[in-house]
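Asks: Here is my input, please return the structure:
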Amino acid sequence: MTEEETHTGANAISTEAMLQRFLLISRAVAGQLDFQSLIQKVSEEVGYFLPHDHIDVCILTGEGDMHVAYEARLHTGWGDAPEPVPISVSPIRSMLRGEEDFILTADAQLDERFHFDGAFSDPIFDARLRSRLHVPLQVEGKVIGALSYSCHARDIYEDSHVTIAQYVADLLSSYIHALNQGERARKAAIRQAEIHAHAEGLRAGALRLTEALELERQRIGMDLHDQTLADLTRLSHELRRLRQAPKIPGETLTTLTDRLEGCLQELRSIIEDARPSVLKLFGFEQGIEALLERAVASQARPISVEFSDETDGAGNVLQETHQIALFRIAQEAVNNAIKHADASRIRVVLSQSDRLLSLAISDDGSGLTGGDGDHFGGIENMRTRATLISAQFEIEPCADLSGTRVCVSLPLGDPSTFPTSERTQNNAYIDS
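Replies: Residues are numbered from 1 along each chain as shown. From the prediction side, this is the model:
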């Protein structure tokens, strides 16, 4: 049948032929598992009694206030939209809202119903669409979308076409509804899997961090036992011996005082390592500067350190848990650079852009493949700390220093993306 013969009206087709065509449509779409394949099959079959240069099916999504479109024959901005589009800008919004039973126009380019402030009607002109016919897709009396036919020529569709188009829409509605529900279930399953994977990653990371903290506590205990406690024990024995002496030489008291001050300094250092009080006393930026100074002070070889704050003090207004997490990541990165990569230059930069606060630690050491390999556990600890504050963690070769660059990017604005209960649990790991 030619297009000219079809344009004379649907009555030119016998009832038997129409029934056969509907059966073919039903069989054709029954095996389709996605909307694009379905609309393509519909286009192939309905062309015998519904002429069209463009056909599309739009599906309501979300709470029914958005829609997506799938097209055949011609592809326009409706089908190419990367995200669901609000139905408030759809040229057929009245029908999608259930206000009209169908829309029929002789020339969509001139029909005011398709053109209003903010209307997504550019494809009508871009694709040269004039005659248009739209019927709703309904399930249990509820509109779930629309089926639309368009031709380049004017005044193609008539009332008999509306009836046939609605028959086709009624035939397709159940298939489309099933596909839509299946797609929603699939996306929900994917989201659930991502949430589960994220939670598992957090649990595994928190476990690794807890193990690392336990090892750190053991190290602190050994340091206190082997060094500070041993020194204090020797001082105690010396004081007991001096109590029995008739006269205590001045130089002896001076020596004892120096040794006692040394023990106190060791204790301060251990306490500061366990809890960075410098952050509370002086702020984040000075805390990082103090960290760099202390890290290189005890090294035999010269190490150049540099800290640059390009944020005008943004680090000082972060939540305490975020400050501590970033401080610990910087501490781990600096220690790795010194102990494992033999770096001679370390640079720390705090920057801000696109509502992200970034802390980057760069060195000129031997890189990720250098050292003895013990630092890889420290890398996982840094990654876990970043995850627990919803920050992005990156570690890569440093282009300008030929070593390693560690970068943590923390979203600004919302204090935290964790729920209160989870945030409380995670902060216990961050603060340690």
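
Asks: How are the helices of the stretch 1-150 of the chain distributed by residue range?
Replies: Under the criterion DSSP state H, counting those that start in this stretch, the stretch 1-150 of the chain contains helices at 3-7, 15-30, 35-46, 77-80, 93-96, 122-126.

Asks: again with the stretch 201-350 of the chain
Replies: 230-243, 250-274, 278-282, 284-297, 320-339.

Asks: packing partners for the last one?
Replies: If contacts are counted by 3 or more Cβ pairs under 8 Å, 6 or more residues apart in numbering; DSSP states H and E, helix 320-339 sits against helix 278-282, helix 284-297, strand 345-353, strand 356-363, helix 375-388, strand 404-411, helix 420-430. The way it works is simple: take the backbone N, C-alpha and C, and place the C-beta from them, glycine included.

Asks: if we can go back for a sec, reformat the helices of the stretch 1-150 of the chain into TSV and put mean neighbour count and mean pLDDT next to each item.
Replies: Below are the helices of the stretch 1-150 of the chain laid out as TSV (neighbours: other Cβ atoms under 10 Å; pLDDT from 0 to 100):
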stretch	mean neighbour count	mean pLDDT
helix 3-7	13	41
helix 15-30	14	73
helix 35-46	19	84
helix 77-80	17	91
helix 93-96	19	93
helix 122-126	16	94
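
Asks: just so I know, which of the ones you listed lies nearest residue 151?
Replies: helix 3-7 (8.8 Å; Cβ to Cβ).

Asks: burial measure for residue 251, as a count.
Replies: Neighbourhood size, residue 251 [other Cβ atoms under 10 Å]: 8.

Asks: now swap in residue 185 and tell me
Replies: Neighbour count for residue 185, taken as other Cβ under 10 Å: 10.

Asks: do you know how far it is from residue 199?
Replies: Taking Cβ to Cβ, to the nearest Å as the measure, residue 185 falls 21 Å from residue 199.

Asks: Residue 378 - how many residues pack around it?
Replies: Residues near residue 378, counting by other Cβ under 10 Å, number 18.

Asks: Setting aside sequence neighbours, what's the nearest residue to it?
Replies: Excluding its sequence neighbours, the residue lying closest to residue 378 (Cβ to Cβ, 6 or more residues apart in numbering) is residue 332, at 4.8 Å.

Asks: Could I get the contacting residues of that neighbour?
Replies: 378, 379, 381, 382 (Cβ atoms under 8 Å, 6 or more residues apart in numbering).

Asks: what's near enough to touch the spatially closest residue to the last one that is not a sequence neighbour?
Replies: This means residue 382. Of all residues beyond its chain neighbours, the one nearest residue 382 is residue 329 (4.7 Å), with distances taken as Cβ to Cβ, 6+ apart. Residue 329 makes contact with 359, 361, 382, 385, 386, 393, 406, 408, according to Cβ under 8 Å, 6+ apart.
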